[in-house]
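*Asks:* Quick one, structure for this:
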Amino acid sequence: MDPLDTAAAYGIGDEHSAAPPHTDEVALLSVDSTTLQDWLQVAQWAAAEGWNPGHRDAACFHPTDPDGFLLGRIGGYPISSVSVVNYAPNYAFLGFYLVHPEHRGNGIGLATWRAGMLHAGDRLVGLDAVPAQRDTYRRSGFIPAYDTTRYAGVPVRSGAPAAGVVPVGPEHLAAVAAFDRPHFPAERAAFVERWLTADGHRAHVRLVDGRVTGYGVVRPAQNGWRVGPLFADDRAGAEALFDALVADVPPGEQVFVDAPEPHAESAALATSRGLRVDSVTTRMYTGPAPATKTAGTWAVTSLELG
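*Replies:* Numbers count the residues shown, from 1 in each chain. Model (predicted):
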């Protein structure tokens, strides 16, 4: 598909197609927070770029910080986007930084970026950079912390029941949110509950003597299924959870896992289940990387939203 065939590429109809290019576009640009319904268009843009967002990602993340989902418009037409989700007074995460192909190279991206960073204030900001953009983000003050490798493929299924692993129920929500906290740079209990219970999401928890020792979620995406997060105290728990999650995936469909480099065993788990390297991104921050439970992180939640 021709990337300049914008309406088709981004899956949006004529009433939402990009404004005609203009020689002084930045002067005409307005960047403001937007509704969940409008943000669903951005999810279509991301899918056209090959980012493979989950079907319910936007609905789960948008309530976390509705003012942090910014859409750039000219004459009412959406042409750019960035999300800067303020999770806490000291932490934010940037993603969905996109400019419509017909409007690139005119300063639209920089103006949209600045609006997003203004929303973050003086918070530490994280993002996941594709290789082509690492130097651009570095010039904007972001420091590389580590790489995250996406593994993909039709998973090998163990066929054995996962000991101690059960579907997440209402009685587990508070304990799972508490388990999540040391694995992420900020408290996000309300988001975790939405993520665990969203339509189409399959969530499992591992219990040992009644105590949560891990949990994971698999969700349908534009292409196949994405596992994330997958947090567990040890390899045996991570394997049991992974096997339970992929048992919920229809046979023959692809699974995608984003494994962080600092935890080398996460890559070994992915490859042991038949997945292969698909792509690599770099986690970057505007300051020192926040302390999290790296050894328990087998798959991150989302490259787009942290």
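
*Asks:* Contact partners for the closest residue to residue 31 other than its chain neighbours?
*Replies:* Of all residues beyond its chain neighbours, the one nearest residue 31 is residue 115 (4.0 Å), with distances taken as Cβ to Cβ, 6 or more residues apart in numbering. Every residue, glycine included, has its C-beta placed from N, CA and C. When the contact criterion is Cβ atoms under 8 Å, 6 or more residues apart in numbering, the partners of residue 115 are 31, 70, 72, 82.

*Asks:* Reformat those as TSV; add secondary structure and distance to residue 212.
*Replies:* Written out in TSV, the entries for the contacts of residue 115 read as follows (DSSP: H, G, I helix; E, B strand; the rest coil; distance: Cβ to Cβ, whole Å):
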residue	secondary structure	distance to residue 212
31	strand	41
70	strand	35
72	strand	42
82	strand	35
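
*Asks:* I figured residue 231 was touching residue 301, is that so?
*Replies:* No. Checked against Cβ atoms under 8 Å, the pair residue 231 and residue 301 is beyond contact range at 9.3 Å.

*Asks:* The residue lying closest to residue 248 once chain neighbours are set aside and residue 26, how far apart?
*Replies:* Closest residue in space to residue 248, ignoring its immediate chain neighbours: residue 202 at 4.1 Å, by Cβ to Cβ, 6+ apart. Relative to residue 26, residue 202 is positioned 44 Å away (Cβ to Cβ, to the nearest Å).

*Asks:* So for the two, which residue has more residues nearby?
*Replies:* residue 202 (20 against 14; other Cβ atoms under 10 Å).

*Asks:* Next up, the contacts around the more buried one.
*Replies:* For residue 202, the set of contacting residues under the criterion of Cβ under 8 Å, 6+ apart consists of 167, 217, 218, 219, 245, 248.

*Asks:* Across the sheet, point out what pairs with it.
*Replies:* Note on residue 202: beta-bridge partners residue 218, judged by DSSP bridges.

*Asks:* for the one 5 residues further on, same thing?
*Replies:* Beta bridges link residue 207 to residue 212 when assigned by DSSP bridges.

*Asks:* How many neighbouring residues does it have?
*Replies:* One way to gauge burial is a neighbour count; for residue 207, by other Cβ under 10 Å, it gives 15.

*Asks:* Quick check: pLDDT value at it.
*Replies:* Looking at residue 207, its pLDDT is 97.

*Asks:* how about it, what does it touch?
*Replies:* Applying Cβ under 8 Å, 6+ apart, the residues contacting residue 207 are 164, 165, 166, 213.

*Asks:* contacting residues for residue 111?
*Replies:* 26, 29, 31, 72, 80.

*Asks:* For the stretch 1-150 of the chain, just list every one of the strands.
*Replies:* Using DSSP state E, counting those that start in this stretch, the strands of the stretch 1-150 of the chain run over residues 29-33, 69-74, 77-88, 91-99, 124-129, 143-153.

*Asks:* Minimum distance to residue 173: which of the ones you listed has it?
*Replies:* Residue 173 sits nearest to strand 77-88 of all the strands of the stretch 1-150 of the chain, at 18.7 Å, using Cβ to Cβ.

*Asks:* The closest one vs strand 91-99, what angle?
*Replies:* Angular relation of strand 77-88 and strand 91-99 on a 0 to 180 degree scale: 170 degrees, by axes from the mean of the first three to the mean of the last three Cα atoms, to 10 degrees.

*Asks:* in strand 77-88, what's buried?
*Replies:* Along strand 77-88, the positions that meet the burial threshold by neighbour count (16 or more other Cβ atoms under 10 Å) are 78, 79, 80, 81, 82, 83, 84, 85, 86, 87.

*Asks:* Can you tell me how far the fifth one is from residue 144?
*Replies:* The reference is to residue 82. Residue 82 sits 20 Å away from residue 144 when distances are taken as Cβ to Cβ.

*Asks:* Excluding sequence neighbours, find me the nearest residue to residue 55.
*Replies:* Nearest residue to residue 55, sequence neighbours excluded (Cβ to Cβ, 6+ apart): residue 220, at 5.2 Å.
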